[in-house]
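*Asks:* predicted model follows, preceded by the sequence.
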Amino acid sequence: RLGGAVPIYFLGMWLMLLWPLCWISSHTRFPLLSAAIMALIAFTVWEWAARPMGLWHAQDVRQFHGFALYPLIPEMLLGAGAMWMWQIQRNRLWLSRRCTVIIIAMDRLKETQMSHLINQPFTLPCGVTLPNRLCKAAMTEGVADDYLHATARHATLYKRWSDGGAGLLLTGNVQIDRRVLERPGNVAIDPAPEHGDAEGMAQLKAWAAAGTANGNQLWMQISHAGRQSPRYVTSEPMAPSPVQLKLLGNYGAPRALTEAEIIDFIGRFARVARIAKDAGFTGVQIHSAHGYLLSSFLSPITNQRKDQWGGSLENRARFLIEAIRATRKAVGAHFPIAVKLNSDDFRKGGFSHEDCLVVVKMLNAETVDLLEISGGTYEQPKLLGHTGSADTAVSEAPQRESTKQREAYFLNYARAIRQVATM
């Protein structure tokens with residue numbers, strides 16, 4: 001009687017009854033037995049529903065039972081089995097995803113804990129609070145104009161870094177002496193007047209405003225290149241003693257500073273810091289690492305002086321300590337002052353890690369708000385992860401590969417320094 005409607009009959013049976021019942025069967029403890037029971041229920045419901053529609057009469061049903069009922073049971077069994085297997089696979093997938101979610105959740109928990117610590121504000125001894133604990137360390141920019149003034153490129157660069165969310169940005173090394181630069185394109189504030197604005201003050205203010213646009217701190221790194229000023233920048237570098245940097249012939253023989261020049265440079269550090277504050281920079285960092293002038297005074301190899309600025313470690317550190325004191329006097333008690341210090345020069349007979357620990361104890365007595373640890377010089381560029389001449393390099397304990405990959409070159413040194421530092 002159904003003729004060409006038989007496919008439609010089975011399609012309707014599947015969509016209206018078999019699929020839902022197979023799904024129910026697959027969720028029971030005995031899916032195949034449940035499927036057989038559901039098949040009888042399905043046939044009864046279908047017959048009850050079809051009778052008023054005139055699809056068949058009782059006689060047709062009796063004749064059709066042999067066709068409709070028996071195929072229906074295996075269909076239900078197959079359907080329930082398929083649904084059951086699908087359910088098992090889905091559970092495996094769910095479990096796999098759940099495990100992945102758990103792993104991701106644990107990783108994110110660790111990240112959240114770390115992120116929570118990084119995102120916490122940090123109050124410095126001077127009373128200034130950093131919005132978080134992420135700092136962009138100093139990188140030389142080399143984009144000053146022909147007058148060694150800041151430019152719009154500084155503002156553009158530091159606005160982008162400010163947008164990045166770090167709580168503290170450190171500038172590249174701003175020089176106190178235009179005659180001796182670390183590289184072409186350094187900003188130099190020279191002369192730095194005792195009172196009033198320096199040349200290029202408008203550019204400095206624009207730089208400071210851009211670098212603090214998102215409420216972060218922007219500290220000016222103040223430096224003197226010393227003997228590490230290349231020939232194409234200066235023909236006469238300056239140093240504690242006339243000890244030349246022998247590196248591919250790129251550096252001239254330095255002349256030793258007079259005591260009057262040392263005292264003048266101490267004042268220059270202070271005056272540049274005062275100008276930085278007036279321009280809108282929110283702190284300063286005194287650069288005493290990497291073999292530049294203050295760093296070279298700390299090393300007995302480059303500082304062979306016989307006066308109060310050389311000899312003992314206390315004398316060799318005098319320039320740094322006096323620069324910090326003069327800077328604090330110039331900027332006041334509530335303005336951040338940081339120091340960048342080598343954990344080790346990594347050169348035989350040079351400024352050692354033991355010397356560093358002693359200097360850190362000296363800094364504890366000064367008004368230093370933050371200490372940045374680095375290491376190495378141009379001759380032993382540990383700051384870049386490299387070792388210089390093997391003849392002058394100090395031996396070190398081997399470093400784990402994971403530590404190298406994290407670029408944590410001075411991690412062990414920092415742990416030791418942390419034990420003695422109180423700032």
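*Replies:* Ah, there it is.

*Asks:* which parts of the stretch 101-250 of the chain are helices?
*Replies:* Per DSSP state H, counting those that start in this stretch, the stretch 101-250 of the chain carries helices over the ranges 152-163, 201-211.

*Asks:* residues contacting the shortest one, please?
*Replies:* By Cβ atoms under 8 Å, 6 or more residues apart in numbering, the surrounding residues in contact with helix 201-211 are 149-152, 154-156, 158-159, 161-162, 169, 171, 189, 198, 218, 275-276, 278-282. To be clear about C-beta, it is placed using only N, CA and C from the backbone, and glycine gets the same treatment.

*Asks:* can I get the helices of the stretch 101-250 of the chain in CSV including distance to Pro193, mean pLDDT and mean neighbour count?
*Replies:* Listed next are the helices of the stretch 101-250 of the chain as CSV, based on distance: least, Cβ to Cβ, whole Å; pLDDT from 0 to 100; neighbours: other Cβ atoms under 10 Å:
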stretch, distance to Pro193, mean pLDDT, mean neighbour count
helix 152-163, 21, 97, 17
helix 201-211, 10, 98, 20
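
*Asks:* how about these, which one is nearest Pro184?
*Replies:* Proximity to Pro184 (Cβ to Cβ) singles out helix 152-163 among these, at 14.1 Å.

*Asks:* elements contacting the closest one?
*Replies:* Using 3 or more Cβ pairs under 8 Å, 6 or more residues apart in numbering; DSSP states H and E, the elements in contact with helix 152-163 are strand 168-175, helix 201-211.

*Asks:* what's the closest of those to Gln228?
*Replies:* Per Cβ to Cβ, nearest to Gln228 of these: strand 168-175, 10.8 Å.

*Asks:* report the angle between the closest one and helix 201-211.
*Replies:* Put simply, strand 168-175 runs at 160 degrees to helix 201-211, going by axes from the mean of the first three to the mean of the last three Cα atoms, to 10 degrees.

*Asks:* send me strand 168-175 as CSV with only the CA atoms.
*Replies:* Extracted as CSV, the C-alpha positions of strand 168-175 are listed here (Å, rounded to 0.1, in the frame of the first residue of the first chain):
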residue,chain,number,x,y,z
LEU,A,168,59.3,51.2,34.3
LEU,A,169,61.1,52.2,31.2
LEU,A,170,64.8,53.0,31.2
THR,A,171,66.2,55.1,28.5
GLY,A,172,69.4,54.5,26.6
ASN,A,173,72.6,56.1,28.0
VAL,A,174,72.3,59.9,27.9
GLN,A,175,75.8,61.3,28.0
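
*Asks:* contacts for that strand?
*Replies:* Counting by Cβ under 8 Å, 6+ apart, strand 168-175 makes contact with 130, 134-142, 148, 158, 161-162, 181-182, 186-190, 211, 216-225, 272, 276, 281, 285, 287, 292, 338, 372, all of which sit outside it.

*Asks:* now, of the residues you listed, which are buried?
*Replies:* The neighbour count (16 or more other Cβ atoms under 10 Å) marks 130, 134-136, 138, 140-141, 148, 158, 161-162, 181-182, 186-190, 211, 216-225, 272, 276, 281, 285, 287, 292, 338, 372 as buried among the contacts of strand 168-175.

*Asks:* which ones among those lie within strands?
*Replies:* Those of the buried ones among the contacts of strand 168-175 mapping onto strands are 130, 135-136, 217-223, 285, 287, 338, 372, per DSSP state E.

*Asks:* cheers, nothing more for now.
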